[in-house]
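Engineer: Sequence plus predicted model, see below.
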Amino acid sequence: MTRIGALALGASLLLADPAWPARRASFEDLIANLKSPNAATRQEAAAALGTSRRREAVAPLAALVRDPEPKVRMEVVRALRELRDLNGVPAIVTSMGDGDAKIREEAIGTLVEVLSESDRTGPVGRFLEMFSDQNDRAPVAPYTQVDPSVYRALATALRDEESDIREEAALALGILDGKPAVKELVAALQDPVAGVRGKAATAIGQIGTTEDGRALIPLLSDESAGVRNRALQALGVLRVKEAGPALRELYEQNRRKDAGLRALSCLSRIGDPAQADLFRELLQDPDLERRRLAIEGLGRVSDPSMLAAFKKDYQRERNDELKLAYSFALTLLGDRAFLDSIVLSLPSKTLGSRCRNYILEMGRDVLPDLYPYLNDPVAEVRAQLCDILSLLGDPDAISRLTPLISDPSPKVADRANRAVERLRARRAVTP
């Protein structure tokens, strides 16, 4: 065969391969294919544009959110998720009103991924639940700009005919700091489906106020254990003191059961002075978990008369977990020297998470006492504090963190740099 013949044969084989044009399609060709009369071509073009990472693809993709073919509309939402461009949010919001429930669900997950800068693996519902349950308060960065249309669409979705979508809408509102929709979340506490009531309770705990939390008290007698548990968590986060009597009754009825321990945990977080007698009684309980909750509860009650007794108890205590609880309580009672034990335990694999939560709960009041530890010889302590200062959100911490961008530990340098950038972003949007 001649060389010319071989070339001709090769060209004919390529042209005969139906996949060849798709592999070689240019960006312009993909945009053109979005207008193809063939639904499969539009779907393939949308998928390819999603992986293109080109912002110019957002507008032509958005034009297809009302395509007559559901598979095309679904691929458009997925493509906008891949592009991660905020200009695509209005189109995603439109898709939340789609006639196909699967597309509405995909749109909710996509909104959360794009606006919270998170990555999803697996089903939408599982992603939202895991992401939500990891945070007491709305995890979305405070400088994230969420268009009001997002909240309106999610509030509408709380009345969707599909209960799964109602649940996911509630979780999304909690994640995205949907305070404008708290009224609708409170209404969702009456939903006939337990999962919706529970997810609405969680969302209220993440974005609501103590006043909003009062609507959760009736859920303590809900027929669903899952709803009751979510209500307990939210009531504790919001510190709803009005729930004290109902929680005390729930504890007394279930003293040695899991339900009783959950009720006690909630009471401890609320720090209601009316329950101080219970906490004092439990200081002698043989169960370490109940003793820990009692110590923390008394610390939150903030009765100065406990200071001297707690210092003695701290010195006599041999259990590390309880000593840490005493350190937390004593710091709340005004002796900042005990903050040292909490900060230095941040690297602990078993107690580090609790130490972090203790510091975040104490808030900005302890910032002056935290700054010296940015020079601690242990790199992990410095790194953890960078994260904590970022979450506490005081822009004045920027000047304290900036020197750590040159820290000899790459981990500390990266954490410091990230914290500084987040605090600057927060300052830029704070009035």
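Structural biologist: Received, thanks. Here the structure is a predicted model, which is why all the values come from computation and not from measurement. Residues are numbered from 1 along each chain as shown.
Engineer: Please report how far the most centrally placed residue in the chain lies from residue 117.
Structural biologist: In the chain, the C-alpha nearest the mean C-alpha coordinate belongs to residue 139, at 3.5 Å (Cα atoms, centre = their mean). Note on residue 139: its distance to residue 117, by Cβ to Cβ, to the nearest Å, is 10 Å. In this view, the C-beta of every residue, glycine as well, is placed from N, C-alpha and C.
Engineer: Also residue 160?
Structural biologist: Using Cβ to Cβ, we find residue 160 at a distance of 26 Å from residue 117.
Engineer: How about exporting stretch 396-414 as PDB, limited to the C-alpha atoms?
Structural biologist: Below are the C-alpha coordinates for stretch 396-414, written out as PDB (Å, rounded to 0.1, in the frame of the first residue of the first chain):
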ATOM      1  CA  ASP A 396      -7.400  42.400  65.500                       C
ATOM      2  CA  ALA A 397      -5.800  38.900  65.600                       C
ATOM      3  CA  ILE A 398      -4.400  39.500  62.100                       C
ATOM      4  CA  SER A 399      -1.400  41.400  63.400                       C
ATOM      5  CA  ARG A 400      -0.700  38.600  65.900                       C
ATOM      6  CA  LEU A 401      -0.900  35.900  63.200                       C
ATOM      7  CA  THR A 402       1.000  37.600  60.500                       C
ATOM      8  CA  PRO A 403       4.500  36.700  61.900                       C
ATOM      9  CA  LEU A 404       3.600  33.000  61.900                       C
ATOM     10  CA  ILE A 405       3.300  33.100  58.100                       C
ATOM     11  CA  SER A 406       7.100  32.800  58.300                       C
ATOM     12  CA  ASP A 407       7.000  30.100  60.900                       C
ATOM     13  CA  PRO A 408       9.700  27.400  60.500                       C
ATOM     14  CA  SER A 409       7.000  24.800  60.500                       C
ATOM     15  CA  PRO A 410       5.300  24.600  57.100                       C
ATOM     16  CA  LYS A 411       2.100  23.400  58.800                       C
ATOM     17  CA  VAL A 412       2.000  26.500  61.100                       C
ATOM     18  CA  ALA A 413       2.800  28.800  58.200                       C
ATOM     19  CA  ASP A 414       0.000  27.400  56.100                       C
END
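Engineer: Please identify which of residue 160 and residue 117 sits among more neighbours.
Structural biologist: Neighbours were counted for residue 160 and for residue 117 using other Cβ atoms under 10 Å; residue 160 has more, 20 against 11.
Engineer: Excluding chain neighbours, what is closest to the more buried one?
Structural biologist: The spatial neighbour of residue 160 that comes closest, neighbours along the chain excluded (Cβ to Cβ, 6 or more residues apart in numbering), is residue 166 at 5.2 Å.
Engineer: just checking, next helix/strand downstream of the helix or strand encompassing the one you found?
Structural biologist: Using DSSP states H and E, residue 166 sits in helix 163-175. On the C-terminal side of helix 163-175, the nearest following helix or strand under DSSP H and E is helix 182-188.
Engineer: Report the angle between the very next helix or strand once past that next one and helix 163-175.
Structural biologist: Elements were assigned by DSSP H and E; along the chain past helix 182-188, the next helix or strand is helix 194-207. Between the axis of helix 194-207 and that of helix 163-175 there is an angle of 10 degrees, by axes from the mean of the first three to the mean of the last three Cα atoms, to 10 degrees.
Engineer: Export helix 194-207 to PDB, keeping only CA atoms.
Structural biologist: Presented in PDB, the C-alpha positions along helix 194-207 are these (Å, rounded to 0.1, in the frame of the first residue of the first chain):
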ATOM      1  CA  ALA A 194     -40.200  12.900  61.900                       C
ATOM      2  CA  GLY A 195     -37.100  13.400  59.700                       C
ATOM      3  CA  VAL A 196     -38.200  16.900  58.700                       C
ATOM      4  CA  ARG A 197     -39.000  17.900  62.200                       C
ATOM      5  CA  GLY A 198     -35.600  16.700  63.400                       C
ATOM      6  CA  LYS A 199     -33.600  18.400  60.600                       C
ATOM      7  CA  ALA A 200     -35.600  21.700  61.200                       C
ATOM      8  CA  ALA A 201     -34.600  21.500  64.900                       C
ATOM      9  CA  THR A 202     -31.000  21.100  64.000                       C
ATOM     10  CA  ALA A 203     -31.100  24.000  61.600                       C
ATOM     11  CA  ILE A 204     -32.700  26.300  64.200                       C
ATOM     12  CA  GLY A 205     -30.000  25.300  66.600                       C
ATOM     13  CA  GLN A 206     -27.400  26.400  64.000                       C
ATOM     14  CA  ILE A 207     -28.800  29.700  63.000                       C
END
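Engineer: centre of the chain versus that helix, how much separation?
Structural biologist: Per Cα atoms, centre = their mean, to the nearest Å, the displacement of helix 194-207 from the mean C-alpha position of its chain is 13 Å.
Engineer: Check stretch 364-379 too.
Structural biologist: Put simply, stretch 364-379 sits 26 Å off its chain's centre (Cα atoms, centre = their mean).
Engineer: Need the distance between the two termini of it.
Structural biologist: Chord length of stretch 364-379, first to last residue, is 22 Å (Cα to Cα, to the nearest Å).
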